[in-house]
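**Q** Dropping a prediction and its sequence here:
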Amino acid sequence: MPSPDDTARERAHRLWGGRFGGASAALLDALNRSIDVDFRLWPFDVQLSKAWAVALWQAGVLTLDESRRMEAGLDAVGIELAAGTRPLTSDEDVHTMIDRMLSAEIGPLAAKLHTGRSRNDQVATATRLWCADAATQLAEAVRALQRVLLVHAEGLGETLMPAYTHLQRAQPVSAAHWILGHFWPLDRDHDRILQAGRSAIAALPLGAGAIAGSAYPVSRVLLKESLGFTGLTPNSIDAVGDRDFVAELLFALTLLGVHVSRLAEDLILFGSSEFGFVQFGDQFTTGSSMMPQKRNPDALELTRASSARMLGDLVGLVTTLKGLPSGYNKDMQDDKRALFDAVDTMQLVLPAVGGAVAELKFSADRMSAALSSTMMATDLADYLVRKGATFREAHQAVGEIVRAAEAKRVELGALPLETYAAAHHLFGADVFDALSPRASTEQREVPGGTGPNAVRDQIEAARAALRPPRETPRGNEMPLLAVG
């Protein structure tokens, strides 16, 4: 049981409670306590609190000396937290913890920091800053995976393989073209994640108060400049109730999860004995507890499962938000559980996928052996079209030839010329040239196609996409200091 002194200290550093005559139930405290989740917001809470201390000086609430002492105290709190200081059981959330630690540093002056602001606009601001920072890290992790894919694409050279539709062999493609088919979805993910980060800092909530705005003439414009936001929230009710920026980042991560899951699925299939297109390495696979021969692609399988986690976090958040009235509601405290889980999971998944892909070895022989003349059926139809047939009649004629090959259980190249001539009079002795996988790919030089020149252009475009952009500041961030 806590002593009366412990209870008094706890209530002194709560940011609420004056209208309550007794202590809250322990079960409520356990449910309400969020410090175990939101503790990681501390760098951003310290950052915005320093900016708020300066704003209070400019508004005439603090003297210059008080503002400077408050900034120095918050710096000291930040040093302690960076050194590993952990929450006490009495800390309800990260804001309460920082308030307590600041009081230990500068005494009663710390009680003035909360003037004119609420935990509602405070947590909204800290979460936005955290999202922007996380988006930057995640975008770079996506780039790292893209670089691994590009290295393989460059190394695969002229290797050909089957492409699949409905998981059935369709047409021959360059192996580099296949792997770049996973590069470009990741490129869109990279851009979406960065956009979600920009969206997070597009509107500053600080100054919105609990719901109606601050009663003190703080300069929200200077707060915006100080914290690197690009705009201000136009409505205080919306400011504290808005979690669109969290949903946007979760949506971007959900699509990223889908894309890395599809890459993982391709590789798991292609690494099976039935395909044998790729061989897994040792560092990102495991063995079987019973079967000594097994090499299991666990990193890739866990990647597939992680995409379900991303979707669950997104659906959980959006479902929570859709039932809320306007303004802040305590349900929104759970936004960070979903957000942090999705980001933490993806920060584990991306390096693991990159590692698994980096150590892959590709079997050009197995890929080539999987090609068959039947896959050139479309090329046979194109052959007839170039000789004057319509594509519809060409499609019909080639369908008859495929049926004849199936009946004889042979490849198209094993059929005699007479079978072709019987299907369409335009087939000549040169028809067998159209059954070459290499010739098939060489004809597909449209931009984005699998022709050798088109793939070389695509590789160059991928290299360009990975080149770092010119340095630009994040928003219009600038230091805001209390100076005389």
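**A** All right, it came through fine.

**Q** Tell me where this structure has strands.
**A** Using DSSP state E, the strands of the chain run over 160-165, 168-174, 278-279, 361-362.

**Q** And the second one, what does it pack against?
**A** Which is strand 168-174. strand 160-165, helix 437-442 (3 or more C-beta pairs under 8 Å, 6 or more residues apart in numbering; DSSP states H and E). Where C-beta positions appear, they are placed from N, C-alpha and C, glycine not excepted.

**Q** for the record, mean pLDDT for it?
**A** Averaged over strand 168-174, pLDDT sits at 95.

**Q** Quick one: the strands of the chain as a markdown table, columns for mean neighbour count and distance to residue 113 too.
**A** Converted to a markdown table, these look like this (neighbours: other C-beta atoms under 10 Å; distance: least, C-beta to C-beta, whole Å):
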| stretch | mean neighbour count | distance to residue 113 |
| --- | --- | --- |
| strand 160-165 | 18 | 61 |
| strand 168-174 | 19 | 62 |
| strand 278-279 | 18 | 57 |
| strand 361-362 | 13 | 59 |
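
**Q** Low-confidence ranges, this structure, go.
**A** For the chain, the stretches with pLDDT under 70 are 1-25, 27-33, 471-484.

**Q** try 80
**A** By pLDDT under 80, the low-scoring segments of the chain are 1-35, 286-289, 292-293, 469-484.

**Q** Buried residues in the longest helix belonging to the chain, which are they?
**A** The longest helix of the chain (DSSP state H) is helix 119-156. Buried residues in helix 119-156, defined by neighbour count with 16 or more other C-beta atoms under 10 Å: 119-135, 138-139, 141-143, 145-146, 148-150, 152-153, 156.

**Q** same for it, what does it pack against?
**A** In terms of contacts (3+ C-beta pairs under 8 Å, 6+ apart), helix 119-156 is packed against helix 42-58, helix 94-106, helix 175-200, helix 236-241, helix 244-270, helix 335-358, helix 452-466.

**Q** on that earlier part again, closest one to residue 323 among the strands of the chain?
**A** With distances scored as C-beta to C-beta, the stretch of those nearest to residue 323 is strand 160-165 (41.4 Å).

**Q** So in that sheet, which strands flank the closest one, and in what orientation?
**A** strand 168-174 (antiparallel) (DSSP bridges).

**Q** what's the strand it pairs with in contact with?
**A** Identification of contacts with strand 168-174 by C-beta atoms under 8 Å, 6 or more residues apart in numbering yields 156, 158-164, 370-372, 374-376, 378, 437, 440-441, 450, 452, 455.

**Q** switch to 10 Å and redo it
**A** 153, 156-165, 180-181, 367-368, 370-372, 374-379, 436-441, 444, 449-452, 454-456, 458 (C-beta atoms under 10 Å, 6 or more residues apart in numbering).

**Q** burial of residue 463, as a residue count?
**A** Using other C-beta atoms under 10 Å, residue 463 has 12 other residues around it.

**Q** Ignoring the adjacent residues along the chain, who's closest to it?
**A** Nearest residue to residue 463, sequence neighbours excluded (C-beta to C-beta, 6 or more residues apart in numbering): residue 150, at 6.9 Å.

**Q** now the helices for the stretch 301-450 of the chain?
**A** Taking DSSP state H, counting those that start in this stretch as the criterion, the stretch 301-450 of the chain contains helices spanning 335-358, 364-369, 377-386, 391-408, 417-423, 437-442.

**Q** out of these, which comes closest to residue 113?
**A** Smallest distance to residue 113 across the helices of the stretch 301-450 of the chain (C-beta to C-beta): 22.1 Å, for helix 335-358.

**Q** What residues of the closest one count as buried?
**A** By neighbour count with 16+ other C-beta under 10 Å, helix 335-358 contains the buried residues 335-336, 338-343, 345-346, 349-350, 352-358.

**Q** How about stretch 240-248?
**A** Judged by neighbour count (16+ other C-beta under 10 Å), stretch 240-248 contains these buried residues: 240, 241, 242, 243, 245, 246, 247, 248.

**Q** list the contacts for the closest residue to the fourth one other than its chain neighbours?
**A** Closest residue to residue 243 apart from its sequence neighbours, by C-beta to C-beta, 6+ apart: residue 335 at 5.1 Å. The contact partners of residue 335, taken as C-beta under 10 Å, 6+ apart, are 37, 123-124, 127, 243, 245-247, 250, 313, 316-317, 320-321.

**Q** quick one, what contacts the residue nearest to the spatial centre of the chain?
**A** Centroid check for the chain by C-alpha atoms, centre = their mean gives residue 253 as the closest residue, at 3.4 Å. For residue 253, the contacting residues are 134-135, 138, 189, 192-193, 196, 306-307, 309-311, 313-314, 339, 342-343, 345-346, 349, by C-beta under 10 Å, 6+ apart.

**Q** quick revisit: rebuild the strands of the chain as a markdown table, extending it with distance to residue 85.
**A** Below are the strands of the chain laid out as a markdown table (distance: least, C-beta to C-beta, whole Å):
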| stretch | distance to residue 85 |
| --- | --- |
| strand 160-165 | 55 |
| strand 168-174 | 56 |
| strand 278-279 | 47 |
| strand 361-362 | 48 |
